[in-house]
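1. give me the fold of what follows.
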Amino acid sequence: MLGWVVVYLGILLVDVIGWLQEMNSVLYAAAGQWLLLVLLPGLLSNLYFHRFLQQRYSEAYRLARAFSWLHPADGWRQQPEIIRAVQLAQQGQLATAQETLQRFQGTNSLVALGAMANLYRITNQWEAFVAWHQQHPERLERHPQLLPMLVRARGETGA
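-> Predicted coordinates for the structure are as follows:
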């Protein structure tokens, strides 16, 4: 979440400068920054997650691309690539999707964790997912959005 901290601090800095200098135009600029860099990405990410859960991947891809430009930190730059891979898997191009998602294997961001979880899901490697969870329990337990996939993996394997 370092990216969000930087965005908030940057907007706060512009806001404080405008307040100290008593320049309304700078205060309006800070408000514009907040709308463009905080509110709009928040709305886009909400729409993105709904489209992703509905498996409407082409729409989710477009929203993820827009979000990645408005908020390029915290792994969001890679999110469109992950969505494209999941879309390819849905279209039956499993080898290409698997190859794309495997590039995130050594990364520790939330987006990379999601990519790895999706790799295990689309390839039905539930045993590997459970083993991966057992190797990195602290990484996955900090991200409750991965819990449904873990529950499914445990159900599929009987673990």
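2. gap between whatever helix or strand Tyr8 lives in and the chain center?
-> Taking DSSP states H and E as the criterion, the element that holds Tyr8 is helix 2-20. Between the centre of helix 2-20 and the centre of its chain there are 23 Å (C-alpha atoms, centre = their mean, to the nearest Å).
3. which other residues reach it?
-> Where contact means C-beta atoms under 8 Å, 6 or more residues apart in numbering, the residues beyond helix 2-20 that reach it are 23-27, 29-30, 33-34, 37-38, 71-74, 76. Backbone N, C-alpha and C define where each C-beta goes, glycine included.
4. quick check: the residue nearest to the spatial centre of the chain vs Leu40, distance?
-> In the chain, the residue lying closest to the centroid (C-alpha atoms, centre = their mean) is Val111, at 4.5 Å. According to C-beta to C-beta, to the nearest Å, Val111 and Leu40 sit 19 Å apart.
5. returning to that earlier point: neighbour-wise, which of the contacts of helix 2-20 leads?
-> Trp76 (22 neighbours; other C-beta atoms under 10 Å).
6. phi, psi of the residue nearest to that one when sequence neighbours are not counted?
-> Nearest non-adjacent residue to Trp76, counting by C-beta to C-beta, 6 or more residues apart in numbering: Ser68, 4.8 Å away. Torsion angles at Ser68 (phi, psi; degrees, to the nearest 10) stand at phi -60, psi -30.
7. make 33 the first number, not 1, from now on.
-> Fine by me, first position is 33 from now on; the one you just mentioned is Ser100.
8. and the contacts of helix 34-52, which of them are in strands?
-> Among those, no member is found in strands (DSSP state E).
9. my read is that Ile80 contacts Ala96, right?
-> You called it Ile, but residue 80 is Tyr. Yes: the pair Tyr80 and Ala96 passes the contact test of C-beta atoms under 8 Å, sitting 5.5 Å apart.
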